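Trainee: fold the stuff below for me.
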Amino acid sequence: MDALERLQQAPLPFAALLGIRFTGAAPDRVTAELTVREDLCTRPAVLHGGAIMAFADTLGAAATILNLAPEAGTTTIESKTNFIAPAPAGSTVLGETTPLHRGRRTMVWQTRITTEAGRLVALVTQTQMVLEPKPS
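Mentor: From the prediction side, this is the model:
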């Protein structure tokens, strides 16, 4: 099973709730898209900052998963978001996450969220902690 199939078949209930669709996956790059629905918006009808952060967090976690040993896990320990421009209801945003650091204990990812036209919506940097499997 390739990396994209692995993410598409993974039990990621919050990603499904948001409507995240993974479009590409490799250990050094994960891409996805998200339709901006009214129930993900604030007023005026633009994508809520929390939804933007959740989208980026999901991509960073997914990228980390692709770099983990079997049975290891991950959790976000830090995240910083710069909001640049709005994404209106009815549009689609694209996310691309790439590594800044892939270490044994932590991984740092940068996620660019853009409109389909390429306008930057947000830039997110997050740190994922690697959770080693517990001995049996």
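Trainee: and the most centrally placed residue in the chain, how far from T76?
Mentor: Centroid check for the chain by CA atoms, centre = their mean gives L59 as the closest residue, at 1.9 Å. To T76, L59 is 11 Å away according to CB to CB, to the nearest Å. Backbone N, C-alpha and C define where each C-beta goes, glycine included.
Trainee: if we can go back for a sec, count residues in the vicinity of the closest residue to the residue nearest to the centre of the chain other than its chain neighbours, would you?
Mentor: Once flanking residues are discounted, L59 sits nearest to T97: 4.1 Å by CB to CB, 6 or more residues apart in numbering. Neighbourhood size, T97 [other CB atoms under 10 Å]: 25.
Trainee: which parts of the host helix or strand of T97 are buried?
Mentor: Using DSSP states H and E, T97 sits within strand 92-102. Neighbour-count burial for strand 92-102 flags 93-99, 102 (criterion: 16 or more other CB atoms under 10 Å).
Trainee: would you mind pulling the contact partners of that strand?
Mentor: When contacts are defined by CB atoms under 8 Å, 6 or more residues apart in numbering, strand 92-102 is touched by residues 27-36, 47, 52, 55-56, 59-60, 62-63, 67, 87, 107-116, 121, 125.
Trainee: buried ones among those?
Mentor: 30-32, 34, 36, 47, 52, 55-56, 59-60, 62-63, 67, 87, 107-115, 121, 125.
Trainee: all helices for this structure, in order.
Mentor: Shown for the chain, the helices assigned by DSSP state H span residues 3-9, 13-18, 49-65.
Trainee: quick one, which of the ones you listed is nearest to S136?
Mentor: Of all the helices of the chain, helix 49-65 sits nearest to S136, with 21.5 Å by CB to CB.
Trainee: chain center to the closest one, what's the gap?
Mentor: Chain-centre distance of helix 49-65: 3 Å, with CA atoms, centre = their mean, to the nearest Å.
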